[in-house]
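Asks: just need the structure, nothing else, for what follows:
(one chain, ligands or ions: 2)
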Amino acid sequence: MTHSSSLPHSAQQSSESSTRRADALMEEDVAWSHSIDEERDGDQLDRSERAALRRVAGLSTELEDVTEVEYRQLRLERVVLVGVWTSGTAEEADNSLAELAALAETAGAEVLDGVIQRRQKPDPATYIGSGKAQELREIVLSSGADTVVCDGELSPGQLIHLEDVVKVKVVDRTALILDIFAQHAKSREGKAQVALAQMQYMLPRLRGWGQSLSRQMGGGGGGGMATRGPGETKIETDRRRIREKMAKMRREIAELKTGRDVKRQERRRHQVPSVAIAGYTNAGKSSLLNRLTGAGVLVENALFATLDPTVRRAETPSGRAYTLADTVGFVRHLPHHLVEAFRSTMEEVADSTLILHVVDGSHPVPEEQLAAVREVIRDVGAVDVPEIVLINKADVADPLTVQRLLRSEPHALAVSTHSGLGIAELRELIDSELPRPEVELEALLPFTEGALVSRVHGEGEILSEEHTAEGTLMKVRVHEELAALLRPYQPVAAEG
Ligand SMILES: Nc1nc2c(ncn2[C@@H]2O[C@H](COP(=O)(O)OP(=O)(O)OP(=O)(O)O)[C@@H](O)[C@H]2O)c(=O)[nH]1
Ligand SMILES: [Mg+2]
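Replies: Numbers count the residues shown, from 1 in each chain. Ligands and ions are numbered 1, 2, ... in the order given. Now for the predicted structure:
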C-alpha cells in the first residue's frame, strides 16, 4: 500500500496528533481519526476532480437573491467532525462517523479530524456540553478547520451556542445532506425539491445564521440572544420572502409531478412491467442499471451521485420488455424534509412491479443499510411490491458477510456489477418474477401490420415466430388490450 504517501501532509499529521488530542478531549470518549484517513486513501485525484466539478455545479444553483446568501454559507472546506454516542456499540458509533466523513467528502470538504463523545443524551444547549465545546475549540484552532460538522440534527439554539464557543461555522448532518443534494440535483424537479427542503430547514434557523454572520463580519460584540434592533425586521422580511418562494416552489413541483405521472400512467396503460432499483447510497444501483441496459448513467464513488430518477427499457432473456428505474439512494436518518421532497421519486418505487434492493456487500454491516432502506420503502407504502435483495460488490465483499446475508434473506442473490457475477441469474430471476401476460394466442399478421408486430415484441412474450408467405405467424402471450388487436388475425384453424 503506497496510498499514504499521497495523503496531504496535514492529514498525516492529524492522524498522529489526533489520538493524543482525543485522549485529552475526554476520558471516556473514543478517538476516531485513523478510519477517516483510510476512507480517504488513494482517491486524491478523484476527489479534486469532484471538487472542481462541484464548483461548476454550484454556480448553476446559485440564486441571485440575498436571502440565499445563507445557503451559500454552508459550502464546506476544512472540517472537524463531532458525534455524540448515546447507545449501541463503539463500532456502530465509528461507522456512523465514517459515514459522516464520506458525506462531508462528497460535499467537497476536507476532513481533518473526527471525535466522538459518549453521553447519555446530547446536551440541550451545546450538543456536546460546554466543557467539551471548549476542548473542541482547541482542536479547531490547532487543525485550522473552518467548519464543525455534527452527526445529528441540532436545534437552532444548539447551533448558535456551539458556534459561540468554537467560533467557526457549525453545521449538522441534515444541512450537509441538503448541501450534497443541492450540488447534485440536475433536473428542474430535483432542483426545486432540494431548494424547497433547504428553505424549510432554514426558516426556523434564520436568526441563528443572521447572528453568526454578523459576528463573523466583526459585529456582535457579545450581543448573544438578546441582540435585537434593525436585524429583527430584516429577518421578518427574509422569512416572508422565503415563505413566498416556498409557495411558488410547491406549485412548480406539483406541475412537474403531473408531467411525470402522465408518463407513468402511459407506461402502465401499455402494461409494461416496471422494475425499480432501490438501495442505500453508493450501493451500486446506477452500476446495475448500466449492467442490465447499457445505459450510460453516472457512476461515482460518492454518496448521492444519482438524484434524478432515470428510467430505461430493458428486456428479459425470453424477450419481454420491462422498464428499469434507477432511484435516489437512501441514507440513515435522511432529513425529514428530504423524505418529503423526494416522496415523488420514491413513488416510482411504490408503483413498481418489482423492487431490486441493492445492498453493498462490502459494507461492514449491510443489515443496517437494508433496514434503513426498508423503513423508507414502508414509508412510501411499497410494502406489497415483491423484492429481490441483491448483495452487490461480491467481488470484494467478505464471503462470510455474503453467506450471512444469504442465510438471513430468503430472496437474495450475490452479484457483482463489476465482474458480472450473478448477473445472468439475475436476468433469469427477473424474468420469472415479472407477472406474465395473461392471454396466449396465435396470430398471422400480414406484412402491412409491421407496427403491430413490433408492439407485440415490445409488450408481449414471443413463444414462437415464423415468417410465412402470408405474413408473420406468431404464438404469443400478451395483455388483454393487445390481445383485442390481435384477435382479428387469428388463423382460422386456431379458432376452430
Ligand atoms: N468492487 C465493486 N465496486 C462496485 C460494484 N458495483 C459498484 N461499485 C462501485 O461502487 C460505487 C458506487 O456505484 P454507483 O453505481 O454510483 O452506486 P449508486 O447506488 O448508484 O450510488 P448513488 O447514486 O450515489 O446513491 C462506484 O465507485 C462503483 O464503481 C461491484 O460490483 N464491485
Ligand atoms: Mg447512482
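
Asks: show me the strands in the stretch 301-450 of the chain, by range?
Replies: When secondary structure is read from DSSP state E, counting those that start in this stretch, the stretch 301-450 of the chain shows strands at 310-315, 321-326, 354-360, 387-392, 412-414, 439-445.

Asks: now mean neighbour count and mean pLDDT too, for these, in JSON lines please.
Replies: For the C-beta atoms, the positions are set from N, CA and C on the backbone; glycine is no exception. Supplementary listing: those in JSON lines, determined by neighbours: other CB atoms under 10 Å; pLDDT from 0 to 100:
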{"stretch": "strand 310-315", "mean neighbour count": "17", "mean pLDDT": "81"}
{"stretch": "strand 321-326", "mean neighbour count": "22", "mean pLDDT": "85"}
{"stretch": "strand 354-360", "mean neighbour count": "24", "mean pLDDT": "96"}
{"stretch": "strand 387-392", "mean neighbour count": "25", "mean pLDDT": "97"}
{"stretch": "strand 412-414", "mean neighbour count": "20", "mean pLDDT": "97"}
{"stretch": "strand 439-445", "mean neighbour count": "18", "mean pLDDT": "93"}
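
Asks: can you pull out the low-pLDDT segments for the protein?
Replies: Within the chain, the stretches falling below the threshold (pLDDT under 70) are 1-76, 186, 207-233, 267-270, 295-309, 332-337, 340-345, 493-496.

Asks: show me what residue of it gets nearest to ligand 1.
Replies: Taking CB to the nearest ligand atom as the measure, the point where the chain comes nearest ligand 1 is residue 329, at 2.5 Å.

Asks: what's the burial count for that residue?
Replies: 22 (other CB atoms under 10 Å).

Asks: that one and residue 311: what is the separation?
Replies: 16 Å (CB to CB, to the nearest Å).

Asks: still on that earlier bit, tabulate the strands of the stretch 301-450 of the chain (JSON lines), appending distance to ligand 2.
Replies: Shown next, in JSON lines, are the strands of the stretch 301-450 of the chain (distance: least, CB to the ion, whole Å):
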{"stretch": "strand 310-315", "distance to ligand 2": "9"}
{"stretch": "strand 321-326", "distance to ligand 2": "6"}
{"stretch": "strand 354-360", "distance to ligand 2": "10"}
{"stretch": "strand 387-392", "distance to ligand 2": "12"}
{"stretch": "strand 412-414", "distance to ligand 2": "20"}
{"stretch": "strand 439-445", "distance to ligand 2": "37"}
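
Asks: in CSV: those, plus distance to residue 488.
Replies: What follows is the strands of the stretch 301-450 of the chain, written out as CSV (distance: least, CB to CB, whole Å):
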stretch, distance to residue 488
strand 310-315, 27
strand 321-326, 23
strand 354-360, 33
strand 387-392, 39
strand 412-414, 43
strand 439-445, 9
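
Asks: to residue 164, which of the ones you listed lies closest?
Replies: Across the strands of the stretch 301-450 of the chain, residue 164 has its closest neighbour in strand 354-360 (39.3 Å, CB to CB).

Asks: can you list the strands that that closest one pairs with?
Replies: Based on DSSP bridges, the pairing partners of strand 354-360 within the sheet are strand 274-279 (parallel), strand 387-392 (parallel).

Asks: distance to ligand 1 for those - can I get that in CSV?
Replies: Formatted as CSV, the strands paired with strand 354-360 follow (distance: least, CB to the nearest ligand atom, whole Å):
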stretch, distance to ligand 1
strand 274-279, 6
strand 387-392, 5
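
Asks: got these as JSON lines, with distance to residue 352 columns?
Replies: Formatted as JSON lines, the strands paired with strand 354-360 follow (distance: least, CB to CB, whole Å):
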{"stretch": "strand 274-279", "distance to residue 352": "4"}
{"stretch": "strand 387-392", "distance to residue 352": "10"}
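
Asks: burial count for the nearest residue to residue 380 once chain neighbours are set aside?
Replies: Distance criterion CB to CB, 6 or more residues apart in numbering; nearest residue to residue 380, sequence neighbours excluded, is residue 346 at 4.2 Å. Residue 346 sits with 22 neighbouring residues when counted by other CB under 10 Å.

Asks: in contact with the closest residue to residue 320 other than its chain neighbours: list those residues for me.
Replies: The shortest distance from residue 320 to any residue that is not its chain neighbour, by CB to CB, 6+ apart, is 5.0 Å, and that residue is residue 461. For residue 461, the residues meeting the contact criterion (CB atoms under 8 Å, 6 or more residues apart in numbering) are 318, 319, 320, 436, 437, 476, 477, 478.

Asks: now do residue 461 against residue 451, distance only.
Replies: Residue 461 sits at a distance of 19 Å from residue 451 (criterion: CB to CB).

Asks: what about the residue in the stretch 101-250 of the chain positioned nearest to ligand 2, distance to residue 191?
Replies: Per CB to the ion, the residue of the stretch 101-250 of the chain with the smallest distance to ligand 2 is residue 184, at 9.8 Å. As defined by CB to CB, residue 184 lies at a distance of 10 Å from residue 191.
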